[in-house]
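In: With the sequence up front, the predicted model follows.
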Amino acid sequence: MSRNLFSEELQKLRHDILTMGTLVEENLSKALTALKTHNKELAKETRRKDVGVNELQRKIEDDTAILIATQQPVARDLRELVTILKLTINLERVGDHAEHLAKAAQKLAKSGDSPFRAQEYLERMAETGKKMLRASISAYLQQDAKAAREAAALDCKIDEAHKALTEDVLKLMKKHPDLVKGAFQILRTSNQLERLGDHVTNICEAIVYMVEGTREELNE
């Protein structure tokens, strides 16, 4: 394979990463809207769309493996191909968390008003996660380590909201033990969104490695 052909195949992979990232972001947006509006049908649609994310992950991983095996790239090219594999894994997991948010939206819609008043926290976490995701994909396409670090820094907002929500829910649970079941659903959803931020941070760390060739722990 000539250098020109290799570049063309790499560009196709970049385009597929953009497509996958956009699809995951769309699913997260729909799950967030379902949470805000208690729209159970939209939540169901989000869960169906996750299948497309998984199929795209397999395609990208297969194409990347073929490119590595046939071209035996080194240095910067190899770092990017390794980064692509890391991106697909973490994007798929972000998609899983979006699906969980959609499930939670369905359950919360059934239960009606919650005494925990947790929805504001959950919405804030999901909104921040969506911003992080978009910024991280942009940083990858622009090959911008600084932008990746800035995207990862947003994770502190998710962590802060998760901590505040957890403290509020635990306090209310002590006063009202009969609400444990509802509290568990909310805490589980908050944990999922906190992990979503962690996976986007992983994406940002991979981008820094790709661009600068150094491994850096972001948001320690």
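Out: Cool, got the structure.
In: now L218, what's its secondary structure?
Out: Recorded secondary structure, L218: coil (DSSP: H, G, I helix; E, B strand; the rest coil).
In: what sits against it?
Out: Taking CB atoms under 8 Å, 6 or more residues apart in numbering as the criterion, L218 is in contact with 149, 152-153, 155, 201, 204-205, 208. Every residue, glycine included, has its C-beta placed from N, CA and C.
In: are any of those buried, and which?
Out: Neighbour-count burial (16 or more other CB atoms under 10 Å) applied to the contacts of L218 gives 149, 152, 155, 201, 204-205, 208.
In: Can you list which of those are found in helices?
Out: Residues of those located in helices (DSSP state H): 149, 152, 155, 201, 204-205, 208.
In: So which of those residues is the closest to M125?
Out: Nearest to M125 out of those is D155 (CB to CB; 10.3 Å).
In: so the closest one touches H199, yeah?
Out: No. Using CB atoms under 8 Å, D155 is not in contact with H199, being 10.0 Å away.
In: that older thread, looking at the ones in helices among the buried ones among the contacts of L218, point me to the pair that's furthest apart.
Out: Most distant of those, by CB to CB, are D155 and V208, 14.2 Å apart.
In: List the contacts of the spatially most central residue of the chain.
Out: When CA atoms, centre = their mean is applied to the chain, the residue found nearest the centroid is V94 (3.0 Å). By CB under 8 Å, 6+ apart, the contact set of V94 is 24, 28, 129, 133, 196, 199-200.
In: now D63: how far from Q143?
Out: Computed as CB to CB, to the nearest Å, the D63 to Q143 distance reads 20 Å.
In: do the same with A98
Out: Taking CB to CB, one finds A98 at 26 Å from Q143.
In: neighbour-wise, which of these two wins?
Out: A side-by-side neighbour count of A98 and Q143, using other CB atoms under 10 Å, places A98 first with 31 against 14.
In: wait, isn't the more buried one in contact with T33?
Out: No. Using CB under 8 Å, A98 is not in contact with T33; the gap is 11.6 Å.
In: before we move on, back to that, can you redo the contacts of L218 as TSV, where the extra columns are distance to K163 and pLDDT?
Out: Below are those laid out as TSV (distance: CB to CB, whole Å; pLDDT from 0 to 100):
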residue	distance to K163	pLDDT
R149	22	97
A152	18	97
A153	17	97
D155	12	97
T201	16	97
C204	21	98
E205	22	97
V208	26	97
